[in-house]
Structures are given as C-alpha cells and as structure tokens.
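# Build me a model from this:
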Amino acid sequence: MLLAAVVLNFLVAFLLALLGGKYLRGPAPADYHEEVLKSAGAEITETHKGVFRALNVVVGAGFYAQAFVIFFMTYFGVWDDVFWAKCAVLGAAILSGVPATLAAQQLEKHTHVTTPWRPGVVLLALSVIAFILSIL
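Here you go, the predicted model:
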C-alpha cells in the first residue's frame, strides 16, 4: 500500500507542476477570467492584463512550490514510512487545495462561467487516497 501512496503523491506533484507551468506560461487573463470580466461589462485594459499576469505568476509559483514540497516529502519521508511526513503532505494538500477549489467553485456559481475547480477536487481526492493508503 505504501508504494501506491508514493506513486499517487508523485502523480499529484507532477500534476501540480503541470498546473504551475500553465499559469506561468498561459494567457493573462485566462480565458475564464476574461469571460467573467466581460460578463460583468468590464473592458480589459493593459492594466488588467498586468494584474492578471502578476497573479498568475504567484499562483504558478505556488503550484511549483507545492509540487516540490510534495515530491521532496514523499521521497524523503513518506517512502520511509514517516508518519509526520504523510501528515505534512496531506496538510499541504488540504490547506491549499480546499480554499483554492472553493474559491473557483464559488466564482463559477456566482458568474455561471466555468472555472477550473474540478482539477482541485481530483488532486485533493488523490492526496486523501494516498494518505489513507500510506497508513494502512
């Protein structure tokens, strides 16, 4: 079971790194941001684009940092069956994933514009499953 947990944690780290790259290299504002702004009647100026680029860099860097920490903690802690490392990986997933997922979900509910909250649910589920497998 521990090997399955390690593989799932590595998968989560990899997917977080992919998301980080998407935010660092992707358009600013993202398509759904632009759709939300336009639905509110806002004109998208260069200042808006600059603000979204800055926010995307912060989000992308955060995803990369979390991917690194999850990979590192898994490789040097979870794989060695260290309980606190398992808790730290799960804690990181919950502390960042729940608010980010809920914020995107609430934005979608409020604006009726599809937002990327579903990948957050998947990553959270994988992290919880990995934790459960790691303690069995």
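# which SSE is the residue lying closest to residue 4 once chain neighbours are set aside in?
For residue 4, ignoring the flanking residues on the chain, the nearest one in space by Cβ to Cβ, 6 or more residues apart in numbering is residue 133 at 4.9 Å. C-beta here means a position set from N, CA and C on the backbone, and glycine is covered the same way. According to DSSP states H and E, residue 133 maps onto helix 118-135.
# now that helix: mean pLDDT?
Mean pLDDT, computed over helix 118-135, is 97.
# With stretch 96-114 instead?
95.
# who's in contact with it?
In this structure, residues lying in contact with stretch 96-114 by Cβ atoms under 8 Å, 6 or more residues apart in numbering are 32, 35-36, 39-40, 62, 66, 115-117, 120-121, 123-124, 127.
# Report the secondary structure state of residue 23.
State at residue 23, reduced to three classes by DSSP: H, G, I helix; E, B strand; the rest coil: helix.
# mind starting the numbering at 445 from now?
All set: I'll call the first residue 445, so the last point we hit is now residue 467.
# correct me, but it touches residue 500?
Yes. Residue 467 is in contact with residue 500 according to Cβ atoms under 8 Å; the separation is 4.6 Å.
# so what pLDDT did the residue in the chain sticking out farthest from the centre get?
In the chain, the greatest distance from the average C-alpha position (Cα atoms, centre = their mean) is reached by residue 485, at 28.9 Å. The model reports residue 485 with a pLDDT of 87.
# same question, residue 471
87.
# so how far is residue 513 from it?
Computed with Cβ to Cβ, to the nearest Å, the distance linking residue 471 and residue 513 is 27 Å.
# circling back to that earlier point, if I pick the residue nearest to residue 448, what's in contact with it?
445-446, 448-449, 452 are the contacts of residue 577 under Cβ under 8 Å, 6+ apart.
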